[in-house]
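A.B. asks: output the structure for:
(one chain, ligands or ions: 2)
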Amino acid sequence: MTPSPVTVTVTGAAGQIGYALLFRIASGQLIGPDTPINLKLLEIPKAVTAAEGTAMELTDCAFPLLRSIDVTDDARRAFDGTNVALLVGARPRTQGMERGDLLEANGGIFKPQGEAINAGAAEDVRVLAVGNPANTNALITQAHAPDVPAERFTAMTRLDHNRALAQLAAKLDVGVNDIRKLAIWGNHSATQYPDLFHAEVGGKNAAEQVEQSWLADEFIPTVAKRGAAIIEARGASSAASAANAAIDHVHTWVNGTAEGDWTSAGVVSDGSYGVPEGLISSFPVTARDGRYEIVQGLDIDPFSRERIDASVAELTEERDTVRRLGYI
Ligand code: NAD
Ligand code: LMR
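C.D. replies: Ligands and ions are numbered 1, 2, ... in the order given. Alright, predicted model coming up:
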């Protein structure tokens, strides 16, 4: 029996991540190879024509699973009946812009999108904020959708997770599939903490297989500053790898994590590991029965504690700023 169609909304559809993302969604990689897809593309008015161009290309691929494409600049229409909302469109930081200005500009985008999700999304809606600052944008969206369970709002740190997997695999000359239980904690920013202390490679502790100096002076900064390194090299922020991570995040959410493994996602804190309740912070998470759950009971050593606390302090500051601005 063919599964019911899933409606997927992508904001910022005419942007570079949108272009790398939409064809993969339409080909069945987001949910599964048999699930029909209805796409809704949200853009700002001046980019609607460009999004329509992408929609023409999607049509021209003749994807068997793609049932419909709706391009709009109306958030209510874009989120009406949506099952999966990928919030990619955001205001990038421009020269002279302070962090507070960025948070303010994005508050103006994510507040109405939260309201539109609250008004019309499907009962089972799952929301992923990709647009930066992703954790706080997810928080703003969630604050404006009080009728949707808070656990449905997530922020993307899967790209950081994948970056960490790739760095560790290269260091130990293993495949990424040989690595288990790696985790990203905190904010999707340079303060994030990629944690190897619970990770296993070939069944043995990963941190014990690398020098402490490599871990502290190479691995952590390389992963945490990878976004900036890509901007420097490419002259534009990561796009295909970000789209890939968004696909991974939703696919895992729907289809589950492998037995004995976990992944990383920004989810609403329940107070675990001293992260203030309600903040959207990255944790090690498992996915079961369509839900992300924070892995419980891990011992946090002092080295990790200090780094998790620093990233969570940044998230707390971001939350306080958007609170002051009246966005939550
Ligand atoms: P881009 O500038 O190429 O595209 C952004 C698109 O969003 C533009 O087409 C713009 O018109 C649209 N947009 C702006 N405001 C909108 C609104 N209110 N509604 C709908 N659309 C709107 O940017 P990109 O490279 O696609 O990146 C998008 C975002 O993703 C950026 O904020 C970037 O920093 C972030 N990002 C996050 C991660 C992550 O790991 N979380 C990784 C890479 C990039
Ligand atoms: C990334 O991690 O590649 C992006 O979040 C960087 C950015 O600032 O867009």
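
A.B. asks: on the three-state scheme, the residue in the stretch 51-200 of the chain that ligand 1 sits nearest to is what?
C.D. replies: At 2.7 Å from ligand 1, Gly89 is the closest residue in the stretch 51-200 of the chain, using Cβ to the nearest ligand atom. For every residue, glycine as well, the C-beta is placed using N, CA and C. Under DSSP: H, G, I helix; E, B strand; the rest coil, Gly89 falls in the coil class.

A.B. asks: residues contacting it?
C.D. replies: Applying Cβ atoms under 8 Å, 6 or more residues apart in numbering to Gly89 gives the contacts Thr11, Gly12, Ala13, Gly15, Gly18, Leu42, Glu43, Ile44, Ile109, Gly131.

A.B. asks: measure it to Ala143 for me?
C.D. replies: Shown here: Gly89 relative to Ala143, a distance of 19 Å by Cβ to Cβ, to the nearest Å.

A.B. asks: swap in Gly120?
C.D. replies: Taking Cβ to Cβ, one finds Gly120 at 18 Å from Ala143.

A.B. asks: need the residues of the stretch 151-300 of the chain near ligand 2, please.
C.D. replies: Counting by Cβ under 6 Å from any ligand atom, the stretch 151-300 of the chain comes close to ligand 2 at Leu159, Gly227, Ile230, Ser237, Ser238, Ala242.

A.B. asks: number of nearby residues for the closest residue to ligand 1 within the chain?
C.D. replies: At 1.9 Å from ligand 1, Gly15 is the closest residue in the chain, using Cβ to the nearest ligand atom. By other Cβ atoms under 10 Å, 23 other residues sit near Gly15.

A.B. asks: pretty sure it is touching Val88, no?
C.D. replies: Yes - here Gly15 reaches Val88: they are 6.4 Å apart, a contact under Cβ atoms under 8 Å.

A.B. asks: circling back to that earlier point, among the residues of the stretch 151-300 of the chain next to ligand 2, which one sits closest to Asp299?
C.D. replies: The closest of these to Asp299 turns out to be Leu159 (Cβ to Cβ; 26.7 Å).

A.B. asks: got the residues of the stretch 101-250 of the chain near ligand 1?
C.D. replies: Ile109, Val130, Gly131, Asn132, Ala134, Met156, Leu159, His188, Ser237, Ser238, Ala239, Ala242.
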